[in-house]
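**Q** only geometry, no sequence info:
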Ligand SMILES: [Zn+2]
């Protein structure tokens with residue numbers, strides 16, 4: 001059994017397709033989103049035959065020795081992208097992919113009642129194959145919208161481990177890159193945790209054609225007791241893993257939630273590996289301590305808006321040195337996983353509160369949802385910006401389809417005028433995985449039908465049909 005698992009985990013998604021030849025993408029407006037880099041009006045991106053970025057810069061690349069070397073090899077190709085915008089794929093720092101099958105649920109609820117409508121109503125009815133089908137549904141959906149790397153904060157629902165692990169396996173069968181946040185629920189024994197984590201750890205071998213980028217811990221001890229929480233944090237540190245915890249999300253419980261801060265400190269959870277999902281209502285002391293420890297938060301504007309959770313003071317966080325990433329959260333609380341809408345809505349919300357247009361600018365939110373999120377997840381060596389050596393994970397955005405008019409300012413145009421409908425192509429590791437809104441080589445209709453049938457069955461079991 002274990003051998004079979006390892007064999008599956010070791011399979012790169014590119015293993016079944018021929019390696020691409022080096023390709024020069026040129027003529028596009030290029031946003032590398034590397035630190036402090038400005039958009040390049042007419043740039044080139046050279047993708048090597050190894051699926052990594054070999055060169056990037058202004059002009060047509062003719063003067064670049066890397067381009068000359070690539071040209072000399074057989075199969076070299078040129079893609080003319082005049083009028084298009086090339087940018088890194090978005091990174092979602094907080095998601096629950098299985099929720100993709102539950103969009104629109106609990107429309108009038110805030111977090112607590114929403115959890116009742118979703119987790120506590122349907123969680124007990126998950127059976128074999130459900131987590132896997134729903135996770136794939138969510139991963140393909142994010143991919144179509146331009147999210148090339150996601151942090152999948154997995155759930156368990158007290159069912160069995162094989163069903164739970166379908167979330168991990170399903171993602172390796174889709175091209176979208178992921179960091180898997182391992183939940184320990186039901187795995188009370190430290191030895192069991194280690195036994196289950198080790199083979200998963202062994203599967204973490206980031207490469208251009210492999211979806212799995214890393215593991216993390218979804219720590220639930222903050223809800224289930226300080227001893228468990230301390231063990232979770234200790235385990236994460238032992239394995240060198242990051243940790244993510246939902247914290248300070250609903251406005252209604254913010255006073256009690258802030259009172260839990262000493263528990264984080266007692267467990268050793270305020271450290272550089274920690275990212276707080278949401279972190280909307282900290283007080284000044286907590287903010288200062290989190291920033292000083294190098295901890296991070298993941299901002300999920302669409303989800304926070306949908307659930308009426310609140311608007312974190314992002315500009316203040318950045319000024320105070322807190323690391324900030326962005327996420328599209330699960331599709332049952334940010335029902336369209338459109339990262340363009342996520343950055344636009346977030347930026348507008350901050351401006352609504354400020355009553356002016358100072359503060360964050362379009363290029364800043366684009367960088368937050370790409371490179372900065374990759375940094376929070378500890379995967380910036382591989383993804384998050386278009387820099388030499390990183391995996392060639394990028395979007396070709398076509399502002400003309402659907403038509404959005406002339407482009408005055410590329411970053412502003414992406415954030416204010418474009419949506420994921422303008423994503424013409426998505427590349428992962430140099431391989432085209434999405435074209436015109438369709439994931440290539442994927443039978444979307446069959447998956448939709450499977451998911452619909454599973455949901456109908458689940459509704460019957462829950463007495464909702
Ligand atoms: Zn969440």
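**A** Sure, I can see it. These figures come from a predicted structure and were not determined experimentally. Numbering: from 1, shown residues only.
**Q** hey, let's count contacts and neighbours off CA atoms from now on
**A** Will do.
**Q** residues in contact with stretch 363-370?
**A** The set of residues external to stretch 363-370 that reach it, using CA atoms under 8 Å, 6 or more residues apart in numbering, is 33, 88-92, 324-327, 339, 343, 347, 384-385, 411-412, 415.
**Q** go again using 7 Å as the cut-off
**A** Outside of stretch 363-370, the residues within contact range by CA atoms under 7 Å, 6 or more residues apart in numbering are 33, 88, 90, 91, 92, 324, 325, 326, 343, 384, 385, 411.
**Q** ok, now which ones touch the third one?
**A** It stands for residue 90. 146, 147, 148, 149, 339, 369, 370.
**Q** still on that earlier bit, helices - which of the contacts of stretch 363-370 land there?
**A** When DSSP state H defines the helices, the subset of the contacts of stretch 363-370 inside them is 343, 411.
**Q** ok, which stretches of the stretch 101-250 of the chain are strands?
**A** Remark: strands of the stretch 101-250 of the chain, listed N- to C-terminal, are 147-153, 177-183, 212-218, 242-247; assignment by DSSP state E, counting those that start in this stretch.
**Q** And for the stretch 351-465 of the chain?
**A** Ranges of strands in the stretch 351-465 of the chain, per DSSP E, counting those that start in this stretch, are 394-397, 423-428, 431-435, 438-439.
**Q** how about these, which one is nearest residue 178?
**A** Between residue 178 and these, the tightest spacing by CA to CA is seen for strand 423-428, at 12.0 Å.
**Q** and the closest one, what does it pack onto?
**A** Strand 423-428 is packed against strand 394-397, strand 431-435, with contacts defined by 3 or more CA pairs under 7 Å, 6 or more residues apart in numbering; DSSP states H and E.
**Q** Make CSV out of the ones you listed and add mean neighbour count.
**A** Putting the helices and strands packed on strand 423-428 into CSV (neighbours: other CA atoms under 10 Å) gives the following:
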stretch, mean neighbour count
strand 394-397, 26
strand 431-435, 20
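**Q** what about the chain, any weak spots by pLDDT?
**A** Across the chain, the stretches falling below the confidence threshold (pLDDT under 70) are 1-20, 186-188.
**Q** Show me how it divides into domains.
**A** According to automatic domain parsing, the chain comprises the domains 19-88+391-439, 90-377.
**Q** Serialize the helices and strands packed on strand 423-428 to TSV and add fields for distance to residue 253.
**A** TSV is the format used below for the helices and strands packed on strand 423-428 (distance: least, CA to CA, whole Å):
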stretch	distance to residue 253
strand 394-397	39
strand 431-435	41
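**Q** Compare the strands of the stretch 351-465 of the chain and give me the one nearest residue 359.
**A** Nearest to residue 359 among the strands of the stretch 351-465 of the chain is strand 394-397 (25.9 Å), distances taken as CA to CA.
**Q** Could you name the helices and strands sitting against that closest one?
**A** Taking 3+ CA pairs under 7 Å, 6+ apart as contact, the helices and strands that strand 394-397 lies on are strand 85-88, strand 423-428.
**Q** and of the ones you listed, who's closest to residue 194?
**A** Counting by CA to CA, residue 194 lies closest to strand 423-428 out of the helices and strands packed on strand 394-397; the figure is 31.3 Å.
**Q** Pairing partners for the closest one, with directions?
**A** For strand 423-428, the paired strands and their directions (DSSP bridges) are strand 394-397 (antiparallel), strand 431-435 (antiparallel).
**Q** So for residue 123, which of those strands sits nearest?
**A** Checked against CA to CA, the stretch from those lying closest is strand 431-435, at 31.5 Å.
**Q** Comparing the strands of the stretch 101-250 of the chain, which stretch has the densest surroundings?
**A** Neighbour counts averaged per stretch over the strands of the stretch 101-250 of the chain are highest for strand 147-153, at a mean of 29; criterion: mean count of other CA atoms under 10 Å.
**Q** chain center to it, what's the gap?
**A** Computed by CA atoms, centre = their mean, to the nearest Å, the chain-centroid distance of strand 147-153 equals 3 Å.
**Q** which other residues reach it?
**A** The set of residues external to strand 147-153 that reach it, using CA under 7 Å, 6+ apart, is 89-97, 176-181, 218, 393.
**Q** could you give the angle of it to strand 423-428?
**A** 60 degrees (axes from the mean of the first three to the mean of the last three CA atoms, to 10 degrees).
**Q** Direction included, what does strand 147-153 pair against?
**A** Sheet partners by DSSP bridges: for strand 147-153, these are strand 90-95 (parallel), strand 177-183 (parallel).
**Q** Turn those strands into a markdown table, including distance to residue 279.
**A** Below are these laid out as a markdown table (distance: least, CA to CA, whole Å):
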| stretch | distance to residue 279 |
| --- | --- |
| strand 90-95 | 12 |
| strand 177-183 | 18 |
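**Q** for those, which one sits closest to residue 120?
**A** Residue 120 lies closest, by CA to CA, to one member of these: strand 177-183, at 17.1 Å.
**Q** What is the end-to-end distance of stretch 263-279?
**A** Taking CA to CA, to the nearest Å, the span from the opening residue of stretch 263-279 to its closing residue is 15 Å.
**Q** An error on my part: the question was meant for stretch 431-446.
**A** 23 Å.
**Q** Next up, the contacts around residue 384.
**A** For residue 384, the contact set (CA under 7 Å, 6+ apart) comprises 88, 91, 370, 371, 374.
**Q** and residue 444, which of the helices and strands packed on strand 423-428 is closest to it?
**A** Between residue 444 and these, the tightest spacing by CA to CA is seen for strand 431-435, at 12.1 Å.
**Q** Not counting its own residues, what contacts the closest one?
**A** Under CA under 7 Å, 6+ apart, the answer for strand 431-435 is 20, 144, 424, 425, 426, 427, 439, 440.
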